[in-house]
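In: only the shape, not the letters, is given here:
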């Protein structure tokens, strides 16, 4: 159902994260009336609707692109660098980004065709959060090497290192996602 957030009985409170930012919030409902016209879909099919929405949320590009800026800055500052370890790591990150993009598009296509790609979306989210957390760690290793590293790379890396722990929380923790995958595969 769609709820008017200014309706009587609705209260909202932001959740302040460890950096003092507000990206999430709580909504509390106390005796809130919702007219029948505000029901989305068919009554009793809410779980299917939620899973379809979560498929979009878990597999969208924001699931693997939150750290993309640090990747771009790292790749730009590494041009001409002869460090084979960094070159291989950047190649691996590029391959992972491309694979996640293709997987994300596949999930979106499945949802558009009426499928409910719960497992596929959970896999994109799990792999995407891991990639998002790996990127700033790679940049941190590079930024600590001798030589000149752009200050913007340092700033972006430091911000993402502090922020990246929440990447594995939004849209479901790894344990929830892996439980969904295991259940759908008949392993649980």
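Out: Ah, there it is. Source: prediction; values computed, not measured.

In: hang on, isn't residue 81 packed against residue 87?
Out: Yes. Assessed by Cβ atoms under 8 Å, residue 81 is found in contact with residue 87 at 7.1 Å. For glycine as for every other residue, the C-beta is placed from the backbone atoms N, C-alpha and C.

In: hey, where'd the strands end up in this protein?
Out: Counting by DSSP state E, the chain has strands at residues 10-16, 22-29.

In: pLDDT wise, what is residue 162 at?
Out: Confidence at residue 162, expressed as pLDDT, is 85.

In: ok, it - contacts?
Out: When contacts are counted by Cβ atoms under 8 Å, 6 or more residues apart in numbering, residue 162 is found next to 18-19.

In: against residue 15, how distant is it?
Out: Going from residue 162 to residue 15 by Cβ to Cβ, to the nearest Å gives 16 Å.

In: now do residue 108
Out: 28 Å.

In: go through the protein and flag its longest helix.
Out: Across the chain, the helix with the greatest residue count (assigned by DSSP state H) is helix 84-112.

In: from the chain's centroid, how far away is that one?
Out: 14 Å (Cα atoms, centre = their mean, to the nearest Å).

In: what helices or strands is that helix leaning on?
Out: Contact partners of helix 84-112 among helices and strands, from 3 or more Cβ pairs under 8 Å, 6 or more residues apart in numbering; DSSP states H and E: helix 46-59, helix 68-77, helix 118-143.

In: residues of that helix that come out buried?
Out: If you call a residue buried by 16 or more other Cβ atoms under 10 Å, then helix 84-112 has these buried ones: 86, 89-90, 93, 96-97, 100, 103-104, 107-108, 110-111.

In: tilt between that helix and helix 46-59?
Out: Counting by axes from the mean of the first three to the mean of the last three Cα atoms, to 10 degrees, helix 84-112 points 150 degrees away from the direction of helix 46-59.

In: and for residue 129, the neighbour number?
Out: Neighbourhood size, residue 129 [other Cβ atoms under 10 Å]: 26.

In: residue 10 versus that one, what's the distance?
Out: 31 Å.

In: try residue 88
Out: Shown here: residue 88 relative to residue 10, a distance of 52 Å by Cβ to Cβ.

In: can you check residue 153 too?
Out: With distances defined as Cβ to Cβ, the gap from residue 153 to residue 10 amounts to 43 Å.

In: neighbour count: these two, which is higher?
Out: Neighbour count, other Cβ under 10 Å: between residue 153 and residue 10, residue 153 has more, with 21 against 14.

In: quick one: contacts for the nearest residue to the more buried one once chain neighbours are set aside?
Out: Among residues not flanking residue 153 along the chain, residue 73 sits closest, at 4.5 Å (Cβ to Cβ, 6 or more residues apart in numbering). Contacts were defined as Cβ under 8 Å, 6+ apart; by that measure residue 73 touches 139, 150, 152-153, 156.

In: ok, for the residue nearest the centre of the chain, nearest residue in space, not its chain neighbours?
Out: Centre of the chain computed as the mean C-alpha position; nearest residue by Cα atoms, centre = their mean is residue 63, 2.7 Å away. Spatial nearest neighbour of residue 63, chain neighbours left out: residue 128 (3.8 Å); criterion: Cβ to Cβ, 6+ apart.
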